[in-house]
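Peer 1: predicted coordinates and the sequence they were generated for:
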Amino acid sequence: MSSPIMPHIMRFATGERLQGLRRKRAERRRSRGKGPHKVTVYLRINDPYSYVLLQVLGSLAQRYPLQYDFRTILNLQPDLYPAPALWERSAFHDSGYLASLYDLDFPQRRPSSTPARDAQLTAQLLHWELQPGYLDNALALFSAYWQADDARLEALLDTRVTDHVECYDHHLQSNEAMLKKAGHYLSAMLHYGGEWYWGLDRLEHLERRLNTLGVALGAPRIEFDKGYREFCRLGSADEVSDAQRNTPLVIYFSIRSPYSYLGLVRAIQLASHYRIPLLVKPVLPMVMRRMQVPRTKGFYILRDVKREADKYGIAFGFIADPLGKGVERCYALYQFACDAGKGEEFLESYARGVWAEGIRSDTDTGLQQLVERVGLDWQAARGHLSSDAWRQWAQENLAELYADGLWGVPSFTYGELKVFGQDRLDCIERAIVSAGKAPAD
């Protein structure tokens, strides 16, 4: 049975008070030592998110007095990438969307390379780390790599470096160990004052923090929030065609995923705004599918979700983890709720309860509250708790997720469009609006 104390611990751990104390302490240390506003940046040559991020770091440094400490990495932590091929394919398409959103350069197709070639380019980046001008040099190298400009690549490389890759192995291992020790696993990461910011999607949080410190070099503003600022404002339901009204927005969802909670709330909002059907396909969480989720990943996710939830105005942080019995009871009752016409409402209530209200869903008292507040009969619901029929459709949903070229939750599909992450609901919206517009003459 879950601990009654844990929700209170999690509320404090993810709360604004502790975050504020951490930020104040980091700023005191920096100020006391008269140090710069130092941002450690982890980049990987074959990571499309790194290429997109690198293109905006120069303009960011023109708006804030930042000093970059660049750290080149190459080898990923395998236990943190359960489906690397699917992840890499999705990352390429997703980075292309970000590049189009911010008018950045990006190729139509992923360039061909080999592990040996990537190691050579990484060695060149490592060599530049200890020289002035890394940002300009790295941007030129990344651009040549991603645009498949072999002639430009050759002109940039120093064969004294690239012919002796092994001489840079310890340097590379040091960077990768530093990333892991600091508490992360992804590339395209920025680390500032004890907090992580991933790629373009999280730069707005860094902007807000720097603006709060009052260090903007001009009028403080937010530039990297295009995926959020116009959400459910790009069009109206009147612009949606009959064909679109019959095309469901599908969300692959796990009750144990806090990102799924945010994704479900926002998907309900999007579907309601454009009056399109929403179809929720729950799957078992990774741990209950006998997969590993390292604690490092879990700690980062909770803090990141809290920032995102605050941005969206969604309650989060008073957490009663539903892992195990709580997940099983949720899924055992899902079809019952669907049959009553309350499937989405039930899942949203359940997710809000366990992620924001500290309701212990593994107890009858907690579960009864989650059931009854959406208008379902508790006594009728109890009769479904012993059923394990949900295990069949949960695994079917997982197989469909994989068949769609996706691997994690929340993922969304709308017609032929398939995206991973609650961040990309704006991509779905743009597709809805675009499809509703008449073609130009």
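Peer 2: Looks like it arrived, so ask away.
Peer 1: against Gln422, how distant is Leu43?
Peer 2: Between Leu43 and Gln422 the distance is 25 Å, computed by Cβ to Cβ, to the nearest Å. (Each C-beta comes from the backbone N, C-alpha and C, glycine too.)
Peer 1: same question for Gly405.
Peer 2: 18 Å.
Peer 1: more neighbours: which of the two?
Peer 2: Set side by side, Gly405 and Gln422 give different neighbour counts by other Cβ atoms under 10 Å, the larger being at Gln422 (26 against 15).
Peer 1: so what's the more buried one closest to, chain neighbours aside?
Peer 2: Nearest-residue entry for Gln422: Gly263, 3.6 Å, with adjacent residues in sequence omitted and distances by Cβ to Cβ, 6 or more residues apart in numbering.
Peer 1: give me the nearest residue to Ser112, chain neighbours excluded.
Peer 2: Leaving aside its chain neighbours, Ser112 sits nearest to Ala148 (7.5 Å; criterion: Cβ to Cβ, 6+ apart).
Peer 1: any idea how far that neighbour lies from Gly33?
Peer 2: Looking at Ala148 against Gly33, where the rule is Cβ to Cβ, the gap reads 44 Å.
Peer 1: which one's more surrounded, these two?
Peer 2: Taking other Cβ under 10 Å, Ala148 and Gly33 do not tie; Ala148 has more neighbours (14 against 8).
Peer 1: OK, contacts around the more buried one?
Peer 2: In this structure, Ala148 makes contact with 107, 111-112, judged by Cβ atoms under 8 Å, 6 or more residues apart in numbering.
Peer 1: which of those are buried, as a PyMOL select command?
Peer 2: Here is the PyMOL command that selects the buried residues among these (16 or more other Cβ atoms under 10 Å):
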select buried, resi 107
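Peer 1: nearest to Phe231, out of the contacts of Ala148: which one, please.
Peer 2: Closest approach between the contacts of Ala148 and Phe231, by Cβ to Cβ: Pro107, at 28.0 Å.
Peer 1: just to revisit the earlier point, wait, a helix at the residue nearest to Ser112?
Peer 2: No - using DSSP: H, G, I helix; E, B strand; the rest coil, the assignment for Ala148 is coil, not a helix.
Peer 1: so what's the backbone phi/psi at it?
Peer 2: For Ala148, the backbone dihedrals are phi 60, psi 40 (criterion: degrees, to the nearest 10).
Peer 1: now do Gly421
Peer 2: Here is the backbone geometry of Gly421 (degrees, to the nearest 10): phi 100, psi 140.
Peer 1: wait, isn't it in contact with Tyr259?
Peer 2: Yes - Gly421 lies in contact with Tyr259 (Cβ atoms under 8 Å); the separation is 6.9 Å.
Peer 1: mutual contacts of these two, please.
Peer 2: Residues touching both Gly421 and Tyr259 (Cβ under 8 Å, 6+ apart) are Pro410.
Peer 1: ok, these two, which is more surrounded?
Peer 2: For Gly421 versus Tyr259, the count of surrounding residues by other Cβ under 10 Å is larger for Tyr259: 21 against 18.
Peer 1: report the contact partners of the more buried one.
Peer 2: Taking Cβ under 8 Å, 6+ apart as the criterion, Tyr259 is in contact with 301, 305, 409-410, 421-422.
Peer 1: could you do Tyr49 as well?
Peer 2: Applying Cβ under 8 Å, 6+ apart, we find Tyr49 in contact with 91, 94-95, 98, 186-188, 198-200.
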